[in-house]
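1. Got a sequence here, can you model it:
(one chain, ligands or ions: 2)
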Amino acid sequence: MSKRALITGITGQDGAYLSELLLSKGYEVHGIKRRASLFNTDRIDHLYQDPHVDNRNFVLHYGDLTDSTNLVRIVQEVQPDEIYNLAAMSHVKVSFDMPEYTADADGIGTTRLLEAIRLLGLTKKTKFYQASTSELYGLVQEVPQSETTPFYPRSPYAVAKMYAYWITVNYREAYGMYACNGILFNHESPLRGETFVTRKITRAVAKISLGLQDKLFLGNLDAKRDWGHAKDYVEGMWRMLQQEEADDFVLATGITTTVRDFVIMSFREVGVELEWSGTGVDEVGTISSVSNPDFPLAAGTQVVSVDPRYFRPTEVELLLGDPTKAKTKLGWEATYTLAEMCSEMVRADIETFRRDQLLKEAGFSVKNQFE
Ligand code: NDP
Ligand code: GDR
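-> Ligands and ions are numbered 1, 2, ... in the order given. Next comes the predicted model:
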């Protein structure tokens, strides 16, 4: 009998990579998707199976982490061996605009799922993975950050995730459930949501290189993040659920980079070097040289500016993870370098926007979505 997994947040970046991984391991994968007025399954459409076909191993259920009866029904129907709770309002900046919803979905949503397992008598059968986050570390207490570093959350998102972290630990201790927290540092990919900073940058660089955008506006260029590739990180999630005993693990690369350096790296991918002038809100990035004959802008053009609208009321300045425990106990290590990932992301975005460029050249209007 193949194992059965239930993934909340299956339509997100990690949900898509985790689905691929589990299907490749012979799992029957069930996922919870939200009802939306437009299709929201772009990232998993290649895995979709016609509901009229027998013996499907990829099944989607409508649901929401804010709806407990719905979660109970799905867990009862699926009887999963493993639940990966990836669903969340996952944007830190947006959580300042929607603090109550974020607490409900990201915090209480986790309790709703754990309660579903408990009420249905599945505490001995169903293993539980909680998508915890390096945002828990928030205001720097210690560097690098490990499983023993104290938490100091700095956003409604991080506060909600801190509740979810502890309720997961509590259900493990109170009911003997196999429940793990993966404290994952930032991980990116060509499937990353468009408004997270890496993808915002690689999309802008792709569009600028194709003549579809003039400038990139960013917030805090000095923020430092420990960025890995989502493909590596979903492997770590799976490994956490294959141990003898449930435990909490940091997944990180052990290298930190500023947002500014990621911008530099991305422009280099299209043959452009930048120079920086000014400080704080007046900082700008200007093209200093171009080695790509097809690049539409010349040296001296300003392509990056700071826009304070992207600043956060309270910022997390420095994240740098210590993945020693995951390496020792799970045999897990990040395999992608940041440069490899950046290159993959820029190339994928260029591929996507070439289609827009063709449409534009043929006289059609193309959608312009910024954030
Ligand atoms: P995404 O934002 O790409 O995906 C989030 C998923 O959650 C989407 O499928 C979204 O659905 C779904 N979702 C949002 N709200 C609800 C809700 N109320 N009920 C049900 N589903 C909901 O996130 P990632 O894939 O990047 O991250 C996965 C998880 O890991 C998240 O919990 C995130 O907070 C956490 N995390 C992420 C890190 C990262 O660097 N990527 C690092 C550490 C933790 P829809 O598609 O309809 O919007
Ligand atoms: P983060 O990711 O907040 O770390 O949360 P994000 O990419 O949004 O920000 C990283 C850093 O870049 C700075 N920044 C900008 N960020 C965005 N989004 N847009 C900008 O224009 C911009 N300019 C500078 C931010 O201030 C920040 O310092 C991600 C999410 O996936 C969470 O769900 C997850 O828990 C953490 O990573 C680990």
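2. what's near enough to touch the closest residue to ligand 1 within the stretch 1-150 of the chain?
-> In the stretch 1-150 of the chain, the residue that lies nearest ligand 1 is residue 12 (2.1 Å; Cβ to the nearest ligand atom). (Each C-beta comes from the backbone N, C-alpha and C, glycine too.) By Cβ atoms under 8 Å, 6 or more residues apart in numbering, residue 12 lies in contact with 43, 86-87, 90, 193.
3. list the helices and strands the worst-scoring helix or strand of the chain on mean pLDDT packs on?
-> Least confident helix or strand of the chain, by mean pLDDT, DSSP states H and E, is helix 338-361 with a mean of 94. Contact here means 3 or more Cβ pairs under 8 Å, 6 or more residues apart in numbering; DSSP states H and E; on that basis helix 338-361 packs against helix 197-209, strand 228-229, helix 259-269.
4. Just put these in CSV and tack on distance to ligand 1 and mean pLDDT.
-> Below are the helices and strands packed on helix 338-361 laid out as CSV (distance: least, Cβ to the nearest ligand atom, whole Å; pLDDT from 0 to 100):
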stretch, distance to ligand 1, mean pLDDT
helix 197-209, 9, 98
strand 228-229, 8, 98
helix 259-269, 14, 98
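5. And the helix or strand hosting residue 181, how far out from the chain middle?
-> Using DSSP states H and E, residue 181 falls within strand 179-184. Relative to its parent chain, strand 179-184 has a centroid offset of 14 Å by Cα atoms, centre = their mean, to the nearest Å.
6. Also stretch 190-206?
-> On Cα atoms, centre = their mean, the centre of stretch 190-206 falls 12 Å from that of its chain.
7. what's it in contact with?
-> Here stretch 190-206 makes contact (Cβ under 8 Å, 6+ apart) with 12-13, 16-17, 43, 90-91, 186, 188, 213, 216, 218, 223, 225, 227, 230, 259, 262-263, 266-267, 269-270, 342, 344-346, 348-350, 352-353, 369, 371.
8. Emit the ChimeraX select command for whichever of those residues are buried.
-> Only the buried members of the contacts of stretch 190-206 enter the following ChimeraX selection, criterion being 16 or more other Cβ atoms under 10 Å:
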select :12,13,16,17,43,90,91,186,188,213,216,218,223,225,227,230,259,262,263,266,267,269,270,342,344,345,346,348,349,350,353
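9. How many residues are close by residue 147?
-> 16 (other Cβ atoms under 10 Å).
10. Would you agree it is in contact with residue 250?
-> Yes: counting by Cβ atoms under 8 Å, residue 147 touches residue 250, with 5.6 Å between them.
11. all strands of the stretch 51-200 of the chain, in order?
-> Assigned by DSSP state E, counting those that start in this stretch, the stretch 51-200 of the chain shows strands spanning 58-62, 82-85, 127-133, 179-184, 187-188.
12. The second one - contacts with which helices or strands?
-> This means strand 82-85. Secondary elements touching strand 82-85 (3+ Cβ pairs under 8 Å, 6+ apart): strand 4-8, helix 109-119, strand 127-133.
13. May I see the buried residues of the longest one?
-> For helix 109-119, the neighbour count (16+ other Cβ under 10 Å) marks 109-117 as buried.
14. Determine if any part of it is in contact with ligand 2.
-> No: Helix 109-119 stays clear of ligand 2 (Cβ under 6 Å from any ligand atom), getting no nearer than 13.8 Å.
15. so for that helix, what's the average pLDDT?
-> Average pLDDT, helix 109-119: 98.
16. how far is that helix from where the chain is centred?
-> Distance, centroid of helix 109-119 to centroid of chain: 23 Å (Cα atoms, centre = their mean).
17. Next: the first one.
-> Averaging C-alpha coordinates over strand 4-8 and over its chain gives two centres that are 18 Å apart (Cα atoms, centre = their mean).
18. Show me the contact partners of that strand.
-> Strand 4-8 has contacts (Cβ under 8 Å, 6+ apart) with 15, 18-19, 22, 27-32, 63, 65, 74-75, 78-87, 109, 113.
19. Distance check, the nearest residue to residue 246 once chain neighbours are set aside against residue 122.
-> Distance criterion Cβ to Cβ, 6 or more residues apart in numbering; nearest residue to residue 246, sequence neighbours excluded, is residue 178 at 4.4 Å. Taking Cβ to Cβ, to the nearest Å as the measure, residue 178 falls 11 Å from residue 122.
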